[in-house]
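Novice: could you work out the structure for the sequence below:
(chains A and B)
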Amino acid sequence: GEDVEQSLFLSVREGDSSVINCTYTDSSSTYLYWYKQEPGAGLQLLTYIFSNMDMKQDQRLTVLLNKKDKHLSLRIADTQTGDSAIYFCAESTDTGRRALTFGSGTRLQVQP
Amino acid sequence: DAGITQSPRHKVTETGTPVTLRCHQTENHRYMYWYRQDPGHGLRLIHYSYGVKDTDKGEVSDGYSVSRSKTEDFLLTLESATSSQTSVYFCAISDSQETQYFGPGTRLLVL
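Specialist: Here you go, the predicted model:
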């Protein structure tokens, strides 16, 4: 079955690095995603990684994928107060319906 | 949110009344989805569509129906709203790739 788990809360100081972790159970995942949700807003796609990759970097964001352990992480370098939000991990499996299974989200609080 | 709108953005209704939420896209994407977001549950799939008049159920479809008569519109209907359907509803779209893009959401309160 499909299940995606994340820790609920992370607090960091401005300028530090943030690492948000996610574990998933479906070994047939094709893509894994990170979305950001600010208060009262929709989900904004931050980045995604294909399952045959182990790392992807995009400016301040680094995604690491350990397929053996089914572990995904998002590292935000030089975290800013504007990065405060809820971050969702999601997986897509090749089921034909192309729907996503989401974790329950990690709330990142950045302290000045 | 570019290219995806949802209406209404907020709605308050009473138990037992029908409610229809609309998702409209200007991207001509084939796939459209309805999710609900509740505290502690992330987003859960209600229904999805893989083309005009082609729809299927998601994991939490009970009490909901959908219709897609045009590529650009995907309607979600609560036939008889219940308090357990109080939630934030998100529409998403996807093309032949698997990445989904989300609308701004509709906050529904059922009293």
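
Novice: make it CA atoms for all contacts and neighbour counts henceforth
Specialist: Noted.

Novice: okay, and the beta partners of the residue of chain B found nearest chain A?
Specialist: Closest to chain A within chain B is residue B:42: 3.8 Å, counting by CA to the nearest CA. Taking DSSP bridges as the rule, residue B:42 bridges to residue B:38.

Novice: pLDDT score for it?
Specialist: For residue B:42, the model assigns a pLDDT of 84.

Novice: for chain B, what is the nearest residue in chain A?
Specialist: Counting by CA to the nearest CA, chain A gets nearest chain B through residue A:104, at 3.8 Å.

Novice: you'd agree that residue is up against residue A:90?
Specialist: No: counting by CA atoms under 8 Å, residue A:104 sits too far from residue A:90 to count as a contact (9.4 Å).

Novice: would you mind listing what in chain A touches chain B?
Specialist: The interface of chain A toward chain B, taken as CA under 8 Å from any CA of the partner chain, is made up of A:31, A:41-45, A:88, A:92, A:97-105.

Novice: out of these, which are buried?
Specialist: Buried positions within the residues of chain A next to chain B, assessed by neighbour count (16 or more other CA atoms under 10 Å in any protein chain shown), are A:31, A:42-45, A:88, A:92, A:97-105.

Novice: now for the residues you listed: which two are most distant?
Specialist: Across these, the longest distance by CA to CA is 22.7 Å; it joins A:97 and A:105.

Novice: what's the span of stretch B:62-73, first residue to last?
Specialist: Start-to-end span of stretch B:62-73 (CA to CA, to the nearest Å) is 21 Å.

Novice: please identify the buried residues of that stretch?
Specialist: B:64-68, B:71-73.

Novice: got any ranges where chain A has weak pLDDT?
Specialist: A:1-2, A:94-97 (pLDDT under 70).
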